[in-house]
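Asker: I'll drop the sequence and a predicted model, then ask my questions.
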Amino acid sequence: MDKPVIVTVDDDPGVSRAVARDLRRRYGQSYRVVRADSATQGMDSVREMRLRGDDVAAILADYRMPQMNGVEFLEQAMDLYPYARRVLLTAYADTDAAIQAINVVDLDHYLLKPWDPPEEKFYPVLDALLDAWQRAERRDSDELRVVGARWSARSYEVRDFLARNQVPYRWLLADSPEGAQLLTAAGELTGEDGEDREVSPAR
């Protein structure tokens, strides 16, 4: 089974590498660390992981990013991974914004940069958040999911093909919360006529 993922997003390449290094040093055996140098790159990665059915345990985002700030990033990522633990990385001057974000995106924690030593100021926080994530009840996402409109002929053909070949799958309506999330992650929308656009299969 694939390792769950820890996502870190920071537009400062040096800081981004340092955060990823600290994460891999402590959690690399149990988690896959995915690093992004911009909010756009980070959202692309999160959408791809959602489509593949990867499990994301924690998302760490820097507050000051030019394309979207860390609060906005976590708010969008939360729609795709509601169970992931959310951490905002801030400088001392941004602590007021971090405190406000606790209510906006149900923030789990904010961390002041730099943290030194990480054994005292970084790892204990992440240890607690990852432990809480491990203990939380989450639906298993390893099954094949098919998203489509209720009366779509194309959807029926796909489901019939899978059933005849004894492939287990879960059917999701395009206008259901999870179906809409998958379509958003794929960057596709269902047409107004009810016919489905082509969407890559999600596992």
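Answerer: Okay, I see it.
Asker: Please tell me the pLDDT value assigned to V147.
Answerer: Looking at V147, its pLDDT reads 83.
Asker: And it, how close does it get to A97?
Answerer: 36 Å (CB to CB, to the nearest Å). Bear in mind the C-beta positions are built from the backbone N, C-alpha and C, glycine included.
Asker: Pick out whichever of those two has more residues nearby.
Answerer: V147 (26 against 17; other CB atoms under 10 Å).
Asker: element containing the more buried one?
Answerer: Secondary structure assignment for V147, by DSSP states H and E: strand 144-148.
Asker: CA atoms only for that strand - export them in CSV, please.
Answerer: Taking Å, rounded to 0.1, in the frame of the first residue of the first chain, the C-alpha atoms of strand 144-148 are listed here in CSV:
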residue,chain,number,x,y,z
LEU,A,144,-12.3,2.4,-8.4
ARG,A,145,-14.8,5.3,-8.5
VAL,A,146,-17.0,6.1,-11.5
VAL,A,147,-18.6,9.6,-11.7
GLY,A,148,-21.4,10.4,-14.1
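Asker: Packing partners of that strand?
Answerer: Counting contacts by 3 or more CB pairs under 8 Å, 6 or more residues apart in numbering; DSSP states H and E, strand 144-148 packs against helix 153-164, strand 169-173, helix 177-186.
Asker: Strands of this protein, start to end?
Answerer: In the chain, the segments counted as strands under DSSP state E are 5-9, 32-36, 56-62, 85-90, 109-112, 144-148, 169-173.
Asker: Please tell me how far stretch 69-78 is from the chain's geometric centre.
Answerer: Centre-to-centre, stretch 69-78 and its host chain are 10 Å apart (CA atoms, centre = their mean, to the nearest Å).
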